[in-house]
Structures are given as C-alpha cells and as structure tokens.
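Novice: How does the following fold in three dimensions:
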Amino acid sequence: QVRVVESGGGLVQAGGSLRLSCTASGMVFGIRTMAWYRQSPGKQRELVADVTSGGYANYAESAKGRFTISFDHYARTSNLDMNNLEPGDTAVYYCNAVIRYSTEYQWKDYWGQGTQVTVSS
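Specialist: Numbering: from 1, shown residues only. Prediction:
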C-alpha cells in the first residue's frame, strides 16, 4: 500500500507565508515526480508546481517568484514554500506523486487527501 499525505495548511493573512509538506510512505520503490495542485470552489484543479527526482522544477505563472517547490528523494518528501500569499491563493492544495509501487517497473499516480489554505485580506 502507498499513501501520500499532506500537512501544513491553515489560515494566513495576505502577504504571509506557509509551508506545505507531502510525504509518501508504504511500498514505495521510487518516485519520478512530485507535484502540488490546487482547487478552489467552482474551479478546476490546476497545477501549481512540480519537480522531478532530478530536481527540475516547473511553476504555474501565478506561482513564479512567490512559491518554491523542493523534493527530498530519500525522505520521500516534497515541500511547497509559499510567500507573499494573496486571497486568490485560497484553495485546497493537493499533493500528487508518480510512484513505482512494486518490484516490477510499474508506476502510478497517487493523490493526497488535500489541505486547506485560506488567505484573508
């Protein structure tokens, strides 16, 4: 069994900062990428940032310059450091990981349960 669990959401004032963390556990034989998505009420889930096991990071335009994604392969953890938060960043943030889940060369997408981030004006 593989689990992906997020933590670190909460309520913050505009201009503040938060760190989200995501850890994969269980039968994890490798991680190809880890990513953060978010979804606001009435909107589609959107990519915020992703990072490969080699450390290559990609950001949505709205995240560039404010958010930083990191990936510790040995800890099986990704962090999303969010600075200068805006009310428009309010959403449920989801972690996604592409994980090798068996001794065979098989990979699968796994999602966390989500963590709420609320930015007040």
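Novice: Now do the same contact list for the closest residue to N84 other than its chain neighbours.
Specialist: Leaving aside its sequence neighbours, N84 sits nearest to R66 (CB to CB, 6 or more residues apart in numbering; 4.9 Å). For glycine as for every other residue, the C-beta is placed from the backbone atoms N, C-alpha and C. Taking CB atoms under 8 Å, 6 or more residues apart in numbering, we find R66 in contact with 82-85.
Novice: Which parts of the protein are strands?
Specialist: Under the criterion DSSP state E, the chain contains strands at 2-7, 10-13, 18-26, 30-39, 46-52, 57-59, 67-72, 77-82, 91-100, 107-111, 115-120.
Novice: Check which helices and strands the shortest one is in contact with.
Specialist: Spelled out, it's strand 57-59. strand 46-52, strand 67-72 (3 or more CB pairs under 8 Å, 6 or more residues apart in numbering; DSSP states H and E).
Novice: ok, now with 7 Å
Specialist: Under the contact definition 3 or more CB pairs under 7 Å, 6 or more residues apart in numbering; DSSP states H and E, strand 57-59 sits against strand 46-52.
Novice: Now do the spatially most central residue of the chain against F29, distance only.
Specialist: Ranked by distance to the mean C-alpha position of the chain (CA atoms, centre = their mean), the top residue is W36 at 2.8 Å. Separation of W36 from F29 (CB to CB, to the nearest Å): 23 Å.
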